[in-house]
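Asker: Compute the structure for the input listed below.
(chains A and B)
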Number of protein chains: 2
Amino acid sequence: MKSISLGLIGFGTIGTGVVKLLGDAGELLAKRLGVELRLKKIADTDLNRVRPVSVPSHLLTREPMDIVNDPEIDIVIELIGGFEPARTIVLEALRRKKHVVTANKAILAEHGHELWKIAQEEGCEVGFEASVGGTIPIIKTIKESLVANEIDYLMAIMNGTTNYILSKMTDEGKDFSEALKEAQKLGFAEADPSFDIEGKDTAHKLAIVLSLAYGGSVKTSDFYCEGIEEITLQDIEFARELGYRIKLIALALRRGEKVETRVHPTMIPSDHLLASVGSNYNAFYLIGSASGPIFLFGQGAGMIPTASAVLGDIVDIARKMLIRGDIKPANVDNSSLQSRVSILPFADIRTNYYFRFMAADRAGVLSKISGILGEHNISIASVIQKGRKKDGAVPIVMITHEARERDVQDALKKIEKLDVVHERVKLIRIEDERLK
Amino acid sequence: MKSISLGLIGFGTIGTGVVKLLGDAGELLAKRLGVELRLKKIADTDLNRVRPVSVPSHLLTREPMDIVNDPEIDIVIELIGGFEPARTIVLEALRRKKHVVTANKAILAEHGHELWKIAQEEGCEVGFEASVGGTIPIIKTIKESLVANEIDYLMAIMNGTTNYILSKMTDEGKDFSEALKEAQKLGFAEADPSFDIEGKDTAHKLAIVLSLAYGGSVKTSDFYCEGIEEITLQDIEFARELGYRIKLIALALRRGEKVETRVHPTMIPSDHLLASVGSNYNAFYLIGSASGPIFLFGQGAGMIPTASAVLGDIVDIARKMLIRGDIKPANVDNSSLQSRVSILPFADIRTNYYFRFMAADRAGVLSKISGILGEHNISIASVIQKGRKKDGAVPIVMITHEARERDVQDALKKIEKLDVVHERVKLIRIEDERLK
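Answerer: Take a look at the predicted model:
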C-alpha cells in the first residue's frame, strides 16, 4: 500500500491528539481510505515537554521549515495557532504546493483572503474544519451539504469557555468569578481568559463562517462584539422569570443585500434547542433557504474531538489526491463489500424495561409478579401502583434495572399465566443508563 | 462555461423539488461550482399531472431508458423509489458509467451490496444523502467528518410520520388514531401509513446507516423492528411521570465484535436532546470514539429540504468530476476572493431588548422612563417591578418589542440622565420573535 506523508507543525494539545488518533485509528483509516497516512515529521519549539504519546525521536525537529521544505511531505498540518509564524508557514507550504490542514482561527479570520488566493493559484487544498466548532461538521455542512442554500439565519454558540461559565451561573447560581475559576481549574478556560470572555474567539469563528456562508471576506472589525463579563446573576434570574436563558450568541441574518451580524450575550427562549446546550458544548442553529432549520451540536474543543476533525480534513484531501491520480492505492480493500455486520441476537440485548401489568387489586399480586421477575434476574428500579378501578384491574407499572431480553420474555410469559394478571403485559424498552 | 448534464427519473414530489431548486439556486450553484448544472431530461410515467413547476415539454419522456442511454448525461437522479424498476434503472445507469444520486432507501437497504460492487467496478459515484434523514447531513458526517471514528453509539429519530404522531399524543393528549388522521391531513402520513407506523421505513434507513458505520452489509431482517401502533396515552402518561418521553428510536451500539441494534418505541429521559425533537423532525445522536457526542437535527422529509440534500450530492459528484478532469470550468469565478460581505451597520439592527433600570422607588418613575422610550419608537412588551430595596433603588425590568439599536442607545442616554435612575442601564439583546 502506498502512503501519503504528513508533516505536523505544533506539538501542543491538539497536535498530541492528532498523533494519538493517527496511532489509534491508523488501521481503520488505511482500510477506509485505501492508502496509509504516514506521519513523517513533527516540528515544535519545545521537544522536551512530557507528552501523553511517545514518538520516535528521528521524527522530531525544532524547525518548521524542515517540514515545509521536505519534498516528500504532501500535507502540512498547522497547529501552532496565532498569527506568526503560523501565517508565514502556511503561505510557504502552499507556495511549495503542499496541502494544508489548520485549526487556526486567527489567520483564517484575518488573512483568509490572502490564503485562499495562493491556495487557488497553486491548486492546493486548505482544510479548516477544526477551526470552528471543534468536532462539529459546520464547515462541511455549509460548503457541501447546503451548497444549494443561502444561509438565511444563523445562531450559534461557538465558545465552550463562556458557555461553561454561563451554564454554571444559570444552573448552579454561581457568580461570574466563581464560575470562571471553576472553568480554569477544569482546563476549560485559559489563565488569561480575556480572549474567550470578551467574545473575540467567537468573533474570529463567526468571521470564518460568514465568509463561507456569504461568499466574501469579513473581518472581525466589521461587526459588533460584546463579551459576558457584565452578566450578573440578577439578570440571569430575571431572564429565567421571563422565559429566557442567556447565552453568548453569534448571530447572522440576511437583510436584503446586507448581512446583519453580531456577537453578544443574548436572551433566547428557554425551550429553544440552543438553550439546552450546557457545559462547554458548542452548537449551530441555522436556517437554509431550501433545507429549513438544521441544528448541529458537539464538542467545540478538546484534544481528541478536535483531532477527529483534523483527521476528517486530512482524509478529505487524501481522497481528492486519489481522485486526481496523485497517488494510486496499491490494493483497494473490497472486503467490506463481501462482509456482513455481525449483529447481536435480539434475545441477548440488555436494556432497562417499562412493564405495565393490568392486575387484580388484591393483596399479594405485587409479590407474585416481583417474585417471578426475581427468579429471572430482573431487578426492579421503581414501581407505581395506582388506586382501584371499576372493573377490578389496576395498572402496576415497573421500571427495571438493566436486564436481558431473553429473561424478560421468559418472565413475562409466566406472569401472563397468573390468574391475577388480566391482559398482555405492556413492555416498552428504556434507553437511559447508557446516556448518563 | 461548460456544463454537467443531469437526467431526472421520477417527477413526483421530490423530483419536482429538485427541478424547482435547480431553477431557484441555479445561478448560485454555477457560481459556487464553476460549472453549470443542466437538467437535460426528465422521465416519468405520468406526464400530465399538474406540477408546481413548468418544464419545456421537449425535456419530458415516459421512458427512463431514454435517460440511461443518453451518452451526454453525466449524472442520473433516481427518485422513483421502491424496488423495481428503480433497481434495474440504477444498475443500468452505473453499467453505462453514469454517476447516480438517489433517495431510494429500499434499494440501498436491500440491494446496497450489489449496487456498491458495480459502482466500484465502473468507477462511478453513488450519492444517497437524501435517503436517510432528509436534509440532515448524516451520511456525509459518518463517511467523511467522522472517518477517524468508530461509531460507539447511535440513537436516532428517522421517521417524521411517527414522530409527529407521538408528539401530538404526548403534547396534546390526542389518541393514536386521532393523531394519525391529523398527520394524514397535513400530508405527513400516507393514506396507507403502515410502512411508517410499523417502523419499516426506520429499519430501512437504519440498515443504510449501519452499513456505513460498521463497514459491511446489513439487511432489515437482521434486526428487531417494532412499530408504534400499540403505544397508548396511558403509557405516555406513565412515562412522563417517570421522567421519560416515548419516541420511535433506531439504536445501535458496539458490543465487542458484535453490534447491538434495534428499532422500537423507546422511553428516553425527557431532558435528553432527542426528547425535544417534536413535530415531524428527524434527529441523530451519536457518539464517535474520538469525536464524543454529536447531535444533528433537521427536516427528514419534504419537497425542498430533500431536494437540498439531492443537490448537495450532485454538487459533490460534480466537484469530483472537476478534480478528475472530466470537465474543465471555462472560467473560474474569482470574484468572491476580492469581494467583501456587506455588513449592516450596528446602529441599524432591529431586535428585542431587555433593560434593567435601578431606579428610585417613587411615583412617576415608570412613566418618565416609558415616556422617553415612547418618544424613540420603543414599545414595551412587558415590565417587572419588584419591591422596595434598602438603598432606595429598585430594579425595573422591561422587555421591548422589536426596536432599532440607534433609537435604543439614544433613549438610554436620556434615561441615564434622569435623577431617579441610579446606575447605568443594563441592556441585553433578545433573540425571540424571529424564532417563532
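Asker: all contacts plus neighbour counts: C-alpha atoms, from now on.
Answerer: Fine.
Asker: Apart from its neighbours in sequence, what residue is nearest the residue of the stretch 51-200 of chain A found nearest chain B?
Answerer: For the stretch 51-200 of chain A, the residue closest to chain B is A:Ser145, as judged by C-alpha to the nearest C-alpha, at 4.8 Å. Nearest in space to A:Ser145, with sequence neighbours left out and distances taken as C-alpha to C-alpha, 6 or more residues apart in numbering or on different chains, is B:Gly312 at 4.8 Å.
Asker: Off-centre distance for whichever helix in chain A runs longest?
Answerer: Scanning chain A for the helix with the most residues, using DSSP state H, yields helix A:303-324. Between the centre of helix A:303-324 and the centre of its chain there are 16 Å (C-alpha atoms, centre = their mean, to the nearest Å).
Asker: all helices for the stretch 51-200 of chain A, in order.
Answerer: Assignment of helices within the stretch 51-200 of chain A using DSSP state H, counting those that start in this stretch yields the ranges A:64-68, A:86-95, A:105-122, A:138-140, A:160-172, A:176-185, A:194-197, A:200-214.
Asker: before we move on, what SS does A:Leu427 have?
Answerer: What DSSP: H, G, I helix; E, B strand; the rest coil gives for A:Leu427 is strand.
Asker: How about the helix or strand encompassing A:Lys247, which residues are buried there?
Answerer: For A:Lys247, the element it lies in under DSSP states H and E is strand A:244-255. Across strand A:244-255, burial judged by 16 or more other C-alpha atoms under 10 Å in any protein chain shown covers A:Tyr244, A:Arg245, A:Ile246, A:Lys247, A:Leu248, A:Ile249, A:Ala250, A:Leu251, A:Ala252, A:Leu253, A:Arg254.
Asker: Quick check: which helices or strands does that strand pack against?
Answerer: Strand A:244-255 sits against strand A:151-157, helix A:160-172, helix A:200-214, helix A:233-241, strand A:258-269, with contacts defined as 3 or more C-alpha pairs under 8 Å, 6 or more residues apart in numbering or on different chains; DSSP states H and E.
Asker: To B:Glu84, which of the ones you listed lies closest?
Answerer: Set against B:Glu84 and scored by C-alpha to C-alpha, the helices and strands packed on strand A:244-255 come closest in strand A:151-157, at 37.3 Å.
Asker: counting contacts, what elements does that closest one pack onto?
Answerer: strand A:244-255, strand A:281-288.
Asker: Serialize the ones you listed to CSV and add fields for mean pLDDT and distance to A:Lys413.
Answerer: Below are the helices and strands packed on strand A:151-157 laid out as CSV (pLDDT from 0 to 100; distance: least, C-alpha to C-alpha, whole Å):
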stretch, mean pLDDT, distance to A:Lys413
strand A:244-255, 97, 49
strand A:281-288, 98, 45
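Asker: Which of these sits closest to B:Leu91?
Answerer: Closest to B:Leu91 of the helices and strands packed on strand A:151-157 is strand A:281-288 (C-alpha to C-alpha; 33.0 Å).
Asker: and the angle from that closest one to strand A:151-157?
Answerer: Strand A:281-288 and strand A:151-157 meet at an angle of 170 degrees, taking axes from the mean of the first three to the mean of the last three C-alpha atoms, to 10 degrees as the criterion.
Asker: quick one: low-confidence parts of chain A?
Answerer: Within chain A, the stretches with pLDDT under 70 are A:1, A:330-337, A:387-391.
Asker: That one - how does it break down into domains?
Answerer: A:3-134+A:304-335, A:138-299, A:346-435 (automatic domain parsing).
Asker: any idea how far the shortest one is from the chain center?
Answerer: For domain A:346-435, the distance between its averaged C-alpha position and the chain's averaged C-alpha position is 38 Å (C-alpha atoms, centre = their mean).
Asker: thinking again about what came up before, compare the helices and strands packed on strand A:151-157 and give me the one nearest A:Glu78.
Answerer: With C-alpha to C-alpha as the criterion, A:Glu78 lies closest to strand A:281-288 of these, at 22.7 Å.
Asker: Using CSV, list the CA coordinates for the closest one.
Answerer: This file holds the C-alpha atoms of strand A:281-288, laid out as CSV (Å, rounded to 0.1, in the frame of the first residue of the first chain):
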residue,chain,number,x,y,z
TYR,A,281,-20.5,22.3,24.3
ASN,A,282,-20.9,24.2,21.1
ALA,A,283,-23.9,24.3,18.7
PHE,A,284,-25.2,25.8,15.5
TYR,A,285,-28.8,26.5,14.6
LEU,A,286,-29.2,27.6,11.0
ILE,A,287,-32.0,28.0,8.5
GLY,A,288,-31.1,27.3,4.9
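Asker: Mind checking what helix or strand follows that strand in sequence?
Answerer: strand A:292-299.
Asker: Please name the strands paired to that next one in the sheet, noting orientation.
Answerer: Here strand A:292-299 has these sheet partners by DSSP bridges: strand A:281-288 (antiparallel), strand B:292-299 (antiparallel).
Asker: ok, and what's touching the first one?
Answerer: Translated: strand A:281-288. Residues from elsewhere that reach strand A:281-288 (C-alpha atoms under 8 Å, 6 or more residues apart in numbering or on different chains): A:133, A:136, A:138, A:146, A:149-160, A:163-164, A:274, A:277, A:292-300.
Asker: Buried residues, that strand. List them.
Answerer: Across strand A:281-288, burial judged by 16+ other C-alpha under 10 Å covers A:Tyr281, A:Asn282, A:Ala283, A:Phe284, A:Tyr285, A:Leu286, A:Ile287, A:Gly288.
Asker: again with stretch A:173-192
Answerer: Residues of stretch A:173-192 classed as buried by neighbour count (16+ other C-alpha under 10 Å): A:173-176, A:179-184, A:188-190.
Asker: how many other residues sit next to the closest residue to A:Gln385 other than its chain neighbours?
Answerer: Once flanking residues are discounted, A:Gln385 sits nearest to A:Ile396: 4.8 Å by C-alpha to C-alpha, 6+ apart. When neighbours are counted by other C-alpha atoms under 10 Å in any protein chain shown, A:Ile396 registers 21.
Asker: Go ahead and list the helix or strand containing A:Ile396.
Answerer: Counting by DSSP H and E, A:Ile396 is found in strand A:393-400.
Asker: got the contact list for that strand?
Answerer: Contacts of strand A:393-400 from elsewhere in the structure, counted by C-alpha under 8 Å, 6+ apart, are A:352-361, A:378-388, A:422, B:238.
Asker: Mark which of those are buried, thanks.
Answerer: The neighbour count (16+ other C-alpha under 10 Å) marks A:352-361, A:378-380, A:383, A:422, B:238 as buried among the contacts of strand A:393-400.
Asker: Can you tell me which of the residues you listed lies closest to A:Pro329?
Answerer: A:Asn352 (46.3 Å).
Asker: which SSE is that closest one in?
Answerer: Counting by DSSP H and E, A:Asn352 is found in strand A:350-360.
Asker: What residue, apart from its backbone neighbours, is nearest the residue most central in space within chain A spatially?
Answerer: Computing the C-alpha centroid of chain A and ranking residues by C-alpha atoms, centre = their mean puts A:Gly298 first, at 2.8 Å. Nearest residue to A:Gly298 in three dimensions, chain neighbours excluded: B:Ile294, at 4.6 Å (C-alpha to C-alpha, 6+ apart).
Asker: is it true that that neighbour touches A:Leu296?
Answerer: Yes. Between B:Ile294 and A:Leu296 a contact is recorded at 7.4 Å, counting by C-alpha atoms under 8 Å.
Asker: OK, contacts around the residue nearest to the centre of chain A?
Answerer: Contact partners of A:Gly298, counting by C-alpha under 8 Å, 6+ apart, are A:Gly133, A:Gly134, A:Thr135, A:Ile136, A:Tyr281, A:Asn282, A:Ala283, B:Ser291, B:Gly292, B:Pro293, B:Ile294, B:Phe295.
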